[in-house]
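Engineer: Pasting the sequence and the predicted coordinates here, then a few questions.
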Amino acid sequence: MSSTLEHYFPILEISDGCIVAKSGDYTVGYELIKPEIFTLSGAALDSFHQAWVRALALLSPHTLVHLQDWFTQASYQADAGKAQTSWLAHASEQFFHGRAYLEHRSYLFLTRETGQRKPKPALSSLLQRHLVPEECLDAAIIRDFLEQAGRFERMLTTSGLLQCRRLTEEELTGNEHHAGIIEQYCQLSGAGMTSGEQPVRAVRDISFRDGIHIGEYEGVLYTLADAAHLPVQCSSHIRYTPYSTERTAFTIGFATPLGPLLPYNHLCSQFIRIEDPTLATGKWEQKRRRLHSLSAHSRENGITRQAVDDHLDEAMTRQRQMVKAHCNVFAWTAHPEEIPAMRKEISAAIAQLGAHPHPETVCGPIIWYGGIPGNAGDLPVDQYFDTFAEQAACFILPETNYRSSDSPFGIRLGDRITGRPVHTDISDEPMRKGWTTNRNKFVLGGSGSGKSFFMNLLSRSYHEQAAHLLIVDMGNSYAGLCKQVNGRYFTCQEAAPIQFNPFVLPEGQTLDIEKRESIKTLLLALWKKEDEAF
């Protein structure tokens with residue numbers, strides 16, 4: 001028997017740019033702009049991690065942090081206007097047309113739980129003072145939560161590595177032409193987009209029989225919710241072997257293998273629930289006493305009791321913030337034959353973190369339901385693991401895919417992961433952002449590594465953007481390019497040596513100081529020797 005989603009849908013309305021759930025939870029949403037992959041050093045990744053730890057410390061108990069990172073397959077579309085500029089530009093656009101890559105969108109949802117999600121069985125709704133949780137009717141509580149969200153946002157952006165933008169009501173709900181963020185999650189409307197295309201509306205059936213099925217898409221879900229499946233240790237960054245050497249370590253974010261490096265449509269979700277320190281400590285103390293009484297009957301209980309003692313000592317001595325965390329990766333495809341390879345890739349990525357891959361089957365529908373934006377409070381508490389804010393922040397994805405620069409001036413370079421062309425400004429933007437104080441460049445590489453090819457590309461790109469180029473060519477590497485753009489190429493040959501007349505003065509021009517000084521210098525160089533005075 002089928003049911004409509006409207007009957008079970010947990011969202012009540014969107015009010016003042018906030019998501020209001022039927023349970024009374026209040027949620028604000030943000031879009032996050034993260035640093036590009038392979039651009040952060042180990043120290044920068046540490047700063048990114050510490051910014052999240054400091055931001056989490058600003059949140060009050062009963063607050064939920066829900067992060068969603070969407071990675072959807074898209075294809076590069078040739079720019080017809082750019083292709084008409086020259087034959088080379090046209091050939092380049094046609095070569096890259098249809099190149100597949102992953103489009104990344106990152107969202108942050110802050111939820112304030114009402115604490116009245118489970119009504120008491122003996123209490124009739126007719127005897128309650130309010131049919132909805134009282135917190136929803138208290139303007140002061142809602143105003144305090146919004147101010148707290150603003151402080152959280154400012155703390156994240158102070159690192160300079162992250163940008164936050166508050167989501168509008170239309171972005172959350174969508175309009176008659178494009179799907180909103182909530183609908184994108186429920187209907188996977190953002191899958192299969194081309195570059196620059198907006199998510200379109202799609203009506204798909206949702207089925208949890210034999211897995212998760214949304215229309216023509218079949219999904220697989222892997223979770224990190226059990227302490228037994230977690231890595232032995234975690235950090236803000238890990239070593240990326242393909243770009244590292246024996247002497248130098250190339251670092252990426254700890255959770256980056258679950259994000260930009262997975263080549264499938266997938267959604268990475270992280271949930272962090274802020275605990276009440278008094279209640280959390282009381283629960284851990286109660287558990288410790290229970291294990292202590294049972295330690296005489298089992299050595300395992302004694303070991304577990306010692307672990308609980310260490311946890312409490314860590315929290316008290318170092319003032320650690322106690323939180324509950326949950327992570328999952330949901331991937332989907334319209335081609336069932338890709339499922340085995342997809343499972344293999346996700347398992348390998350999770351194992352790269354030192355964690356145990358756990359495909360979720362029984363609780364998959366519940367986890368998917370709790371992942372609806374604004375409904376993080378419905379994720380069951382048994383799907384969380386207890387940890388500290390420092391460890392929970394390690395599982396937040398710190399990097400995004402390459403993106404084109406907003407600067408109008410630059411060159412096109414290839415994405416390291418997919419080869420997609422990306423517009424990059426290596427002259428003006430680094431100066432504007434304070435990364436460097438000059439525009440000098442130094443190209444270094446072994447024989448055959450592409451130094452001349454890169455400089456030809458840079459020269460052609462700058463020439464097409466009306467730059468004046470003067471090149472000293474030692475091996476005729478730029479003769480073909482000069483001929484292609486109808487430039488002037490001077491070379492010294494035995495039959496036709498380089499000749500010039502410094503005394504030529506075009507008609508209508510006067511001899512300025514610079515020209516006069518250059519002629520004087522030339523005459524002195526030809527007339528006098530190095531040891532002669534003048």
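Structural biologist: Arrived safely, thanks for sending.
Engineer: CA only for contacts and neighbour counts going forward, please
Structural biologist: Fine.
Engineer: distance of N401 from D69?
Structural biologist: For N401, the distance to D69 (C-alpha to C-alpha, to the nearest Å) stands at 11 Å.
Engineer: Spit out the residues that contact the two alike.
Structural biologist: Residues touching both N401 and D69 by C-alpha atoms under 8 Å, 6 or more residues apart in numbering: H104.
Engineer: who's in contact with F208?
Structural biologist: Contact analysis of F208 by C-alpha under 8 Å, 6+ apart lists P365.
Engineer: Quick check: phi and psi on it?
Structural biologist: When read as degrees, to the nearest 10, the backbone of F208 gives phi -110, psi 20.
Engineer: what's the answer for the one 10 residues further on, then?
Structural biologist: Dihedral pair for E218: phi -110, psi 130, per degrees, to the nearest 10.
Engineer: same question, the one 3 residues further on
Structural biologist: L221 has phi and psi values of phi -130, psi 130 when expressed as degrees, to the nearest 10.
Engineer: Assign the closest residue in space to it that isn't next to it in sequence to helix, strand or coil.
Structural biologist: Of all residues not flanking L221 in the chain, F330 sits nearest, at 4.5 Å (C-alpha to C-alpha, 6 or more residues apart in numbering). With DSSP: H, G, I helix; E, B strand; the rest coil as the basis, F330 sits in strand.
Engineer: how deep is F330 tucked in, by neighbour count?
Structural biologist: 21 (other C-alpha atoms under 10 Å).
Engineer: swap in Y217?
Structural biologist: If you count neighbours by other C-alpha under 10 Å, Y217 ends up with 19.
Engineer: The spatially closest residue to it that is not a sequence neighbour: what's it in contact with?
Structural biologist: Using C-alpha to C-alpha, 6+ apart and skipping residues adjacent in sequence, the residue nearest Y217 is A334, 4.5 Å away. By C-alpha under 8 Å, 6+ apart, the contact list for A334 reads 216-218.
Engineer: one more time with 10 Å, if that's ok
Structural biologist: 191-192, 213-219, 265 (C-alpha atoms under 10 Å, 6 or more residues apart in numbering).
Engineer: Any idea which of those the model trusts least?
Structural biologist: Across the set of those, G192 stands lowest in pLDDT, at 47.
Engineer: circling back: ok, the residue nearest to L221 to K22 distance?
Structural biologist: Separation of F330 from K22 (C-alpha to C-alpha): 25 Å.
Engineer: One more: D531?
Structural biologist: In this view, D531 and K22 are 94 Å apart by C-alpha to C-alpha.
Engineer: Return the distance of L230 relative to I350.
Structural biologist: Per C-alpha to C-alpha, L230 is found 10 Å from I350.
Engineer: the more surrounded of those two?
Structural biologist: Neighbours were counted for L230 and for I350 using other C-alpha under 10 Å; I350 has more, 22 against 18.
Engineer: show me where the stretch 151-300 of the chain has helices.
Structural biologist: Taking DSSP state H, counting those that start in this stretch, the helices of the stretch 151-300 of the chain run over residues 169-173, 181-187, 277-294, 299-317.
Engineer: TSV please, covering the ones you listed and showing distance to Q73 and mean pLDDT.
Structural biologist: Putting the helices of the stretch 151-300 of the chain into TSV (distance: least, C-alpha to C-alpha, whole Å; pLDDT from 0 to 100) gives the following:
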stretch	distance to Q73	mean pLDDT
helix 169-173	21	91
helix 181-187	14	92
helix 277-294	42	82
helix 299-317	42	82
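Engineer: circling back to that earlier point, closest to V485 out of the contacts of A334?
Structural biologist: For the contacts of A334, the minimum distance to V485 (C-alpha to C-alpha) is 38.9 Å, reached by G192.
Engineer: middle-most residue in the protein, spatially?
Structural biologist: With distances taken as C-alpha atoms, centre = their mean, T400 lies nearest the centre of the chain, 2.8 Å away.
Engineer: ok, it - contacts?
Structural biologist: T400 touches 32-38, 69, 71, 102-106, 256, 259-261, counting by C-alpha under 10 Å, 6+ apart.
Engineer: which residues does it bridge with?
Structural biologist: The partner list for T400 in beta bridges (DSSP bridges) reads E36.
Engineer: can you list the weak-confidence ranges in the stretch 151-300 of the chain?
Structural biologist: Low-confidence segments of the stretch 151-300 of the chain (pLDDT under 70): 190-202.
Engineer: rerun at 90
Structural biologist: Scanning the stretch 151-300 of the chain for pLDDT under 90 picks out 159-160, 173-179, 188-206, 209-211, 226-228, 246, 276-300.
Engineer: Now do S124, the pLDDT please.
Structural biologist: Note on S124: pLDDT of 43.
Engineer: neighbours of H266, just the number please.
Structural biologist: By other C-alpha under 10 Å, 27 other residues sit near H266.
Engineer: If you count neighbours, what's buried in stretch 287-307?
Structural biologist: For stretch 287-307, the neighbour count (16 or more other C-alpha atoms under 10 Å) marks 288, 291-292, 295, 301-302, 304-305 as buried.
Engineer: Make CSV from those residues and add distance to G434 to it.
Structural biologist: Formatted as CSV, those follow (distance: C-alpha to C-alpha, whole Å):
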residue, distance to G434
R288, 53
L291, 57
H292, 58
S295, 60
N301, 57
G302, 57
T304, 52
R305, 53
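Engineer: tell me which of these is nearest to P365?
Structural biologist: Taking C-alpha to C-alpha as the measure, P365 sits nearest to T304 out of the buried residues of stretch 287-307, at 31.6 Å.
Engineer: residues contacting that closest one?
Structural biologist: 287-288, 291-292, 295, 310.
Engineer: before we move on, what about F385?
Structural biologist: Going by C-alpha under 10 Å, 6+ apart, F385 touches 224-228, 230, 272, 323-327, 392.
Engineer: mind listing the strands in the stretch 301-450 of the chain by residue range?
Structural biologist: Per DSSP state E, counting those that start in this stretch, the stretch 301-450 of the chain carries strands over the ranges 322-333, 385-388, 411-414, 421-424.
Engineer: Just the local confidence number for F9, please.
Structural biologist: As predicted, F9 sits at a pLDDT of 88.
Engineer: again with A89
Structural biologist: The score at A89 is 83. That number is its pLDDT.
Engineer: Including distance to I498, could the helices of the stretch 151-300 of the chain go into a markdown table?
Structural biologist: A markdown table is the format used below for these (distance: least, C-alpha to C-alpha, whole Å):
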| stretch | distance to I498 |
| --- | --- |
| helix 169-173 | 65 |
| helix 181-187 | 66 |
| helix 277-294 | 82 |
| helix 299-317 | 78 |
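Engineer: wait, which of these is closest to V485?
Structural biologist: That would be helix 169-173 among the helices of the stretch 151-300 of the chain, by C-alpha to C-alpha, at 46.0 Å.
Engineer: So for the closest one, what gets flagged as buried?
Structural biologist: In helix 169-173, counting by 16+ other C-alpha under 10 Å, buried: 169, 171-173.
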